[in-house]
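>>> Sequence and predicted structure are below.
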Amino acid sequence: MKLGVCISTALMLALCGCFGNSNGGERIDTVLSSVANPDHAWRATVIERQYVVDGHFDNSPTTYVLVDRDAGKPKYENGEEFKDSHIAMKTSRCGTLSLQWPDARTLQITCEQCGLALSAVEEHTQGMGAIRIVYAEFPAQSSWEAAPRR
């Protein structure tokens, strides 16, 4: 029975186009949101990447905010590296993020009760070339951190 589940999982991953990674597992990407800037020159996209190891999803997916030239829709192959994208933010243990372009050159990434302090984000940038990136509503401390003692 267990062998049948492993074979079924492997077949499902092969059919969905998932690819191996350096962790020895498979990667499954989900586009959570994608927004073009007002002049449609740039597009920001939130992607959640889950790893499948031994037939099970890990419990800490990685969340990426990517910025690319706008092609009308996100253009990512499942499980591939984001080699042509600018990574504005990359983190794990993150809840919901929203994206907004207040103007053509400013991307706002908002923590929608994401539970993650900006100081805990592994990678984040303040800008890329002419694009400025601002972070809004991130808490002072992450939800899993103990409150400071008085």
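On my side now, so go ahead.
>>> I'd guess residue 110 is in a helix, am I close?
No. If the criterion is DSSP: H, G, I helix; E, B strand; the rest coil, then residue 110 is strand and not within a helix.
>>> Any idea how many residues pack against it?
15 (other C-beta atoms under 10 Å). Backbone N, C-alpha and C define where each C-beta goes, glycine included.
>>> Going along the chain from the helix or strand of the chain with the lowest mean pLDDT, find the next helix or strand for me.
Counting by mean pLDDT, DSSP states H and E, the chain has its least confident helix or strand at helix 2-16, which shows a mean of 39. Beyond helix 2-16 on the C-terminal side, the first helix or strand identified by DSSP states H and E is strand 26-36.
>>> Quick check: mean pLDDT of that next one?
The pLDDT scores in strand 26-36 average 94.
>>> Can you name every helix or strand that that strand contacts?
helix 2-16, strand 42-53, strand 97-103 (3 or more C-beta pairs under 8 Å, 6 or more residues apart in numbering; DSSP states H and E).
>>> Just want the angle from that strand to strand 42-53.
On the basis of axes from the mean of the first three to the mean of the last three C-alpha atoms, to 10 degrees, strand 26-36 is oriented at 160 degrees to strand 42-53.
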